[in-house]
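Asks: With the sequence up front, the predicted model follows.
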Amino acid sequence: MSETTMQAIVAQEPGGPEVLRPAEVPVPEPGPREVLVRTEATGVNFIETYQRSGAYPVDFPFTPGSEGTGEVVAVGSEVTSVRTGQRVATSEATRTYAQFFTVDEGKALPVPDGMDPKTAGALPLQGLTAHYLVRSTFPVQPEQTAVITAASGGVGGLAIQLLKRIGATVIALTSTPEKAATAERLGADHVLGYENFGERVRELTDGVGADVVYDSVGRTTFDESLAATRVRGTTVLFGGSSGQVPPLDLQRLNSSGALYVTRPSLAYYTRDRDERTWRWGELVDAVTSGDLEVRVGGAYPLDDAAAAHRDLESRGTQGKLLLLP
């Protein structure tokens with residue numbers, strides 16, 4: 001490879017993990033308001049498996065990736081807030097399964113000195129998601145009760161810790177004893193399986209229910225999530241790992257106790273640089289103080305992206321999967 005080319009992962013057509021192959025491609029040029037980053041770690045996320053398979057439409061040839069961290073090696077002509085030599089992280093780039101990537105300067109988050117690349121690469125997407133859920137979508141208060149599905153996963157594990165920092169009671173839902181042990185270690189007050197969890201949450205809350213239920217599983221859990229939510233409480237649907245929730249008769253929210261339901265996504269909670277900076281700053285402070293553990297479930301060489309996708313789709317992993325160029 002020359003100074004103008006780099007290794008990247010390219011899928012020439014949709015398909016299984018095997019379509020993710022290393023290729024030599026040009027190093028991208030940063031636009032006027034963009035920076036060029038030499039990649040230290042790239043986050044692997046479920047949306048990329050949907051894009052790779054063709055379930056979500058993308059243009060092929062396709063290089064996946066929106067999340068990454070590394071050193072800024074060049075800046076566009078109009079960049080004012082980021083300098084060369086600075087380490088940054090982001091969840092809002094494109095084509096980060098590569099040795100270099102570009103990102104808008106307003107979406108480049110500063111990485112503090114001393115934060116290792118794996119932590120910096122694992123934190124942006126899942127950390128910002130956990131933050132907006134517990135601080136904004138339903139701003140949890142001390143002594144309120146929150147239920148979190150997929151509690152040993154990347155977002156779930158961070159959400160448990162953020163909720164306990166606030167002083168909430170956390171009821172974690174997991175699918176295996178190993179995942180239950182992880183949720184307990186991260187601070188969950190109660191850990192349940194998924195069967196009839198609505199009834200079990202009410203038992204734990206003296207019949208009241210939870211103030212908020214954070215549900216990333218979707219189709220197979222949503223009915224129970226509503227059943228677990230207290231009168232005038234909130235059910236937050238922020239994912240659909242088991243499939244999408246069917247259309248909902250709004251009258252059901254009335255009969256269930258005048259419930260609130262919302263379907264947020266990260267883009268609407270990082271709408272400008274100030275909001276990103278606030279969320280990222282609170283996360284970084286929690287990590288550097290030792291109050292927030294960022295778990296890496298696996299790290300792979302860049303050319304093993306297919307193996308990372310296979311492991312992610314097996315749903316047997318815990319914590320973040322990373323590619324290390």
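Replies: Noted; the coordinates are in hand. Numbers count the residues shown, from 1 in each chain.

Asks: Next one, pLDDT for the residue positioned nearest the centre of the chain please.
Replies: Residue closest to the average C-alpha location in the chain (CA atoms, centre = their mean): residue 126, at 2.5 Å. We have a pLDDT of 97 for residue 126.

Asks: Ok, residue 1 next?
Replies: pLDDT, residue 1: 48.

Asks: in the longest strand seen in the chain, what's buried?
Replies: Taking DSSP state E as the criterion, the chain has its longest strand at strand 34-44. By neighbour count with 16 or more other CB atoms under 10 Å, strand 34-44 contains the buried residues 34-44. In short, each C-beta sits where N, CA and C put it, glycine included.

Asks: rewinding a little: now for the residue nearest to the centre of the chain: which residues touch it?
Replies: 43, 154-155, 158, 320 (CB atoms under 8 Å, 6 or more residues apart in numbering).

Asks: from these, which single one is nearest residue 274?
Replies: Taking CB to CB as the measure, residue 274 lies nearest residue 158 of the contacts of residue 126, at 21.8 Å.

Asks: just checking, that closest one touches residue 294?
Replies: Yes - using CB atoms under 8 Å, residue 158 is in contact with residue 294, at 7.4 Å.

Asks: Settle it for me: which of the two has more neighbours?
Replies: residue 158 (31 against 23; other CB atoms under 10 Å).

Asks: Just give me the neighbour total for the closest residue to that one other than its chain neighbours.
Replies: Leaving aside its sequence neighbours, residue 158 sits nearest to residue 130 (CB to CB, 6 or more residues apart in numbering; 3.9 Å). The number of residues packed near residue 130 is 27, by other CB under 10 Å.

Asks: Could you look up the SS state of residue 130?
Replies: Following DSSP: H, G, I helix; E, B strand; the rest coil, the label given to residue 130 is helix.

Asks: Identify the residues contacting it.
Replies: Contacts of residue 130 (CB under 8 Å, 6+ apart): 155, 158-159, 162.

Asks: and if you look at residue 174?
Replies: Here residue 174 is in contact with 150-152, 180, 182-183, 191-193 (CB under 8 Å, 6+ apart).

Asks: buried stuff in stretch 240-250?
Replies: Residues of stretch 240-250 classed as buried: 240-242, 245 (neighbour count, 16+ other CB under 10 Å).

Asks: Mind jotting down where the helices sit in the stretch 151-300 of the chain?
Replies: Using DSSP state H, counting those that start in this stretch, the helices of the stretch 151-300 of the chain run over 154-166, 177-185, 197-204, 222-228, 251-255, 273-288.

Asks: any idea how far the fifth one is from the chain center?
Replies: What that stands for is helix 251-255. Centroid separation for helix 251-255 versus its chain: 31 Å, with CA atoms, centre = their mean, to the nearest Å.

Asks: Show me what it is packed against.
Replies: Helices and strands touching helix 251-255, by 3 or more CB pairs under 8 Å, 6 or more residues apart in numbering; DSSP states H and E: there are none.

Asks: re the thing from before, from the buried residues of strand 34-44, pick the one nearest residue 14.
Replies: Among these, and counting by CB to CB, the member closest to residue 14 is residue 44, at 17.6 Å.

Asks: mind checking how far the closest one is from residue 25?
Replies: 19 Å (CB to CB, to the nearest Å).

Asks: Domain map for the protein?
Replies: Per automatic domain parsing, the structural domains of the chain span 5-123+294-324, 126-267.

Asks: Find the nearest non-adjacent residue to residue 288, please.
Replies: residue 112 (6.4 Å).

Asks: I'd guessed that neighbour sits against residue 281; true?
Replies: No - if you go by CB under 8 Å, residue 112 and residue 281 don't touch, sitting 10.1 Å apart.

Asks: hmm, back to that, quick one: which of the domains of the chain is nearest residue 273?
Replies: Nearest to residue 273 among the domains of the chain is domain 5-123+294-324 (4.6 Å), distances taken as CB to CB.

Asks: so how far does that closest one reach from one end to the other?
Replies: Terminal residues of domain 5-123+294-324 lie 18 Å apart, using CA to CA, to the nearest Å.

Asks: What of stretch 205-220?
Replies: 23 Å.

Asks: my read: residue 269 touches residue 132, true?
Replies: Yes - between residue 269 and residue 132 there is a contact under CB under 8 Å: 3.6 Å.
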